[in-house]
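>>> Quick one: sequence plus predicted model below, questions after.
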2 protein chains.
Amino acid sequence: MTALETPAVVLLSGGMDSSVLLHHVAKTLGRRPVHAVSCDYGQRHARELECAAWQALAAGAGRHRVLDMSFLGDLVKSGTSLVRGGAEVPDLVRIAESDREQPPTYVPNRNMLLLAMAAAYAEAHGIADVYYGAQAQDEYGYWDCTAEFVERLNHVLALNRRTPVVVHAPFAAMRKAESLRLGLELGIDYAHTWSCYRGGGKACGTCPTCVERLNAFREAGVTDPLEYETTA
Amino acid sequence: MTALETPAVVLLSGGMDSSVLLHHVAKTLGRRPVHAVSCDYGQRHARELECAAWQALAAGAGRHRVLDMSFLGDLVKSGTSLVRGGAEVPDLVRIAESDREQPPTYVPNRNMLLLAMAAAYAEAHGIADVYYGAQAQDEYGYWDCTAEFVERLNHVLALNRRTPVVVHAPFAAMRKAESLRLGLELGIDYAHTWSCYRGGGKACGTCPTCVERLNAFREAGVTDPLEYETTA
């Protein structure tokens, strides 16, 4: 068994980036079996996790686990608009300049928690590699989506003498339009990825992540197959 | 408000070390209010969490939250004996030399997960300081109980531009008998701390953590008020 034939864990939200990453790991890197791990932390809607399940099947992932981390939503809802019971999701244009440091859609320390969980899963299954779809080029530069964040986290995990899990973030330095194009090459059906922070039947088209997604499709010169309330 | 008057978070298991830490932070350091945070991750018994609640009250903690992280127990039970449904808890004497690297009672990446949760709690509440009762001098040298582990984790958290939470582990370099003595000075009732890994009515006296606890009491020259099945 070569290194590339050993299983890998992919942290899968059901959004564009982690969905592309899942197919990328399974197809381009030839990493099979792939264990997709998702997390219910009290997101505003179930669409994202439904898309995660759809993509896990489409990518031929050997396993897909959805873990109940709803304690996180309870814990942080006063400080974020991304979970049920939290503050209202703002339109991109309405985000105050002072919030740009970390916008209202930032969830306190969520990504370290998700990666710690994925590393626990990997270690318990004797898997050394965890893939993480973070992009430092996100509109607001979340501190926990950068290559430096991943590097420092790996520095912690390297202390584990039994199973030193390594987190890989191959899209960290990419623009969203680039990973989108990679996904098109991999044949991904973007109708089954979900980005909108609001819980409506259609994507809203105005929340920060909808705007970011629509910009990426525009930059890539293709049409987003999702239906939107508005794409102004 | 000086730095020492700002709230602090204490990660509280209900064992000896984190109970001493809680009282130490509240009394010696004068850190009030203290928010104690505990976690149900599928431990073999409820005694530990009952003791956590008792100690939180005794230390005058302003809040005590017990978070449901039972997903962790499900995730790792094949690889640890510390959770319900996991492998049998071994006696200390029966632990194979090959297991000493990380013994059967080690839970994969649990401590990073707990600290990431505590940091999320702290950040969501605008608290900068998290206290962690780890001791590197634990019988087996868990990799995630060392000062170096905490230092590297803080290096990750320092990237957070909004609320850079800092984890403090003041007992990391102490022997267990030393923190035990500190607890005696603080007037802690050790009858309301729980260490045993097994789920019996009395502490077993033979599992690794019972042996470690009994050795610490012996070294400190005092009697453990807990009842044991055997103290041979």
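It's in.

>>> can we go C-alpha only for contacts and neighbour counts from here?
OK.

>>> Output the below-cut-off pLDDT ranges for chain A.
Within chain A, the ranges that satisfy pLDDT under 70 run A:1-5, A:44, A:76-104, A:137-141, A:232.

>>> Show me what from it comes close to chain B.
By Cα under 8 Å from any Cα of the partner chain, the residues of chain A that approach chain B are A:67-69, A:71-72, A:75-79, A:101-102, A:108-110, A:112-113, A:116-117, A:119-121, A:123-125, A:143-144, A:149, A:152-153, A:155-156, A:159-162.

>>> Of those residues, which belong to helices?
Of the positions in the residues of chain A next to chain B, A:71-72, A:75-76, A:110, A:112-113, A:116-117, A:119-121, A:123-124, A:149, A:152-153, A:155-156 sit in helices, assigned by DSSP state H.

>>> Which strand or helix spans A:Glu178?
Per DSSP states H and E, A:Glu178 falls inside helix A:176-185.

>>> Which strands or helices does that helix pack on?
Judged by 3 or more Cα pairs under 8 Å, 6 or more residues apart in numbering or on different chains; DSSP states H and E, the packing partners of helix A:176-185 are helix A:16-23, helix A:208-220.

>>> what does that helix rub up against?
The contact list for helix A:176-185, computed with Cα atoms under 8 Å, 6 or more residues apart in numbering or on different chains, reads A:16-17, A:20, A:23-24, A:135, A:137-138, A:171, A:213, A:216-217, A:219-220.

>>> would you list those residues in TSV and tack on neighbour count and distance to A:Asp40?
Listed next are the contacts of helix A:176-185 as TSV, based on neighbours: other Cα atoms under 10 Å in any protein chain shown; distance: Cα to Cα, whole Å:
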residue	neighbour count	distance to A:Asp40
A:Met16	26	17
A:Asp17	21	18
A:Val20	30	20
A:His23	26	21
A:His24	21	23
A:Gln135	24	21
A:Gln137	16	25
A:Asp138	17	22
A:Phe171	24	23
A:Arg213	21	22
A:Ala216	21	26
A:Phe217	19	27
A:Glu219	14	31
A:Ala220	16	31
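
>>> Distance to A:Cys204 added to these, as CSV?
CSV is the format used below for the contacts of helix A:176-185 (distance: Cα to Cα, whole Å):
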residue, distance to A:Cys204
A:Met16, 16
A:Asp17, 19
A:Val20, 22
A:His23, 26
A:His24, 28
A:Gln135, 22
A:Gln137, 22
A:Asp138, 19
A:Phe171, 26
A:Arg213, 11
A:Ala216, 16
A:Phe217, 16
A:Glu219, 20
A:Ala220, 21
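
>>> Now do the same contact list for the spatially closest residue to A:Asp68 that is not a sequence neighbour.
Nearest residue to A:Asp68, sequence neighbours excluded (Cα to Cα, 6 or more residues apart in numbering or on different chains): A:Asp40, at 5.1 Å. The contact partners of A:Asp40, taken as Cα under 8 Å, 6+ apart, are A:Leu49, A:Val66, A:Leu67, A:Asp68, A:Met69, A:Ser70.

>>> any idea what sits nearest the fifth one, other than its immediate chain neighbours?
Meaning A:Met69. In this structure, A:Met69 finds its nearest non-sequential neighbour in A:Tyr41, 4.6 Å apart by Cα to Cα, 6+ apart.

>>> again, but for the first one
Closest residue in space to A:Leu49, ignoring its immediate chain neighbours: A:Gly14 at 5.8 Å, by Cα to Cα, 6+ apart.

>>> Which helix or which strand is home to the one you found?
Going by DSSP H and E, A:Gly14 is not in any helix or strand.

>>> and it, how many neighbours does it have?
By other Cα atoms under 10 Å in any protein chain shown, the residues close to A:Gly14 number 25.

>>> In this structure it contacts A:Gln55, no?
Yes - A:Gly14 is in contact with A:Gln55 according to Cα atoms under 8 Å; the separation is 7.3 Å.

>>> Mutual contacts of these two, please.
A:Thr193.

>>> three-state assignment of A:Arg31?
Following DSSP: H, G, I helix; E, B strand; the rest coil, the label given to A:Arg31 is coil.

>>> Quick check: the gap between A:Ala8 and chain B.
Distance, A:Ala8 to chain B, by Cα to the nearest Cα, to the nearest Å: 16 Å.

>>> partner residues bridging that residue?
A:Val34 (DSSP bridges).

>>> surely it meets A:Gly30?
No - under the criterion of Cα under 8 Å, A:Ala8 makes no contact with A:Gly30, lying 10.2 Å away.

>>> neighbour-wise, which of these two wins?
Shown here are A:Ala8 and A:Gly30; by other Cα under 10 Å, A:Ala8 has more neighbours (25 against 15).

>>> what sits against the more buried one?
A:Ala8 touches A:Arg31, A:Arg32, A:Pro33, A:Val34, A:His35, A:Ala122, A:Ile127, A:Ala128, A:Asp129, A:Val130, A:Tyr131, counting by Cα under 8 Å, 6+ apart.

>>> Narrow those to those that are buried.
Buried members of the contacts of A:Ala8, scored by 16 or more other Cα atoms under 10 Å in any protein chain shown, are A:Arg31, A:Arg32, A:Pro33, A:Val34, A:His35, A:Ala122, A:Ile127, A:Ala128, A:Asp129, A:Val130, A:Tyr131.

>>> can you give me the offset of the host helix or strand of A:Arg65 from its chain's centre?
Counting by DSSP H and E, the element that carries A:Arg65 is strand A:63-68. Centroid separation between strand A:63-68 and its chain, computed with Cα atoms, centre = their mean, to the nearest Å, is 14 Å.

>>> now stretch A:116-135
On Cα atoms, centre = their mean, the centre of stretch A:116-135 falls 14 Å from the chain's centre.

>>> which outside residues touch that stretch?
So stretch A:116-135 is in contact with A:6-12, A:17-18, A:21, A:37, A:115, A:145-146, A:163-176, B:72, B:75-79, B:108-110, B:112-113, B:116, going by Cα under 8 Å, 6+ apart.

>>> how long is that stretch end to end?
The first and last residues of stretch A:116-135 sit 18 Å apart, counting by Cα to Cα, to the nearest Å.

>>> For A:Lys176, see how far away A:Thr193 is.
The gap separating A:Thr193 from A:Lys176 is 14 Å, by Cα to Cα.

>>> returning to what we had before: would you write a ChimeraX line that selects the buried entries of the contacts of A:Asp40?
Buried members of the contacts of A:Asp40, defined by 16+ other Cα under 10 Å, are picked up in ChimeraX with:
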select /A:49,66,67,68,69,70
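
>>> Next, format the contacts of A:Asp40 as a markdown table and append distance to A:Ile188.
Shown next, in a markdown table, are the contacts of A:Asp40 (distance: Cα to Cα, whole Å):
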| residue | distance to A:Ile188 |
| --- | --- |
| A:Leu49 | 17 |
| A:Val66 | 21 |
| A:Leu67 | 24 |
| A:Asp68 | 27 |
| A:Met69 | 28 |
| A:Ser70 | 29 |
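
>>> and which of the contacts of A:Asp40 is nearest B:Pro225?
For the contacts of A:Asp40, the residue nearest B:Pro225 by Cα to Cα is A:Met69; the value is 36.9 Å.

>>> picking that back up, closest to B:Asp224 among the contacts of helix A:176-185?
Once Cα to Cα is applied, the member of the contacts of helix A:176-185 that ends up nearest B:Asp224 is A:Gln135, at 52.9 Å.
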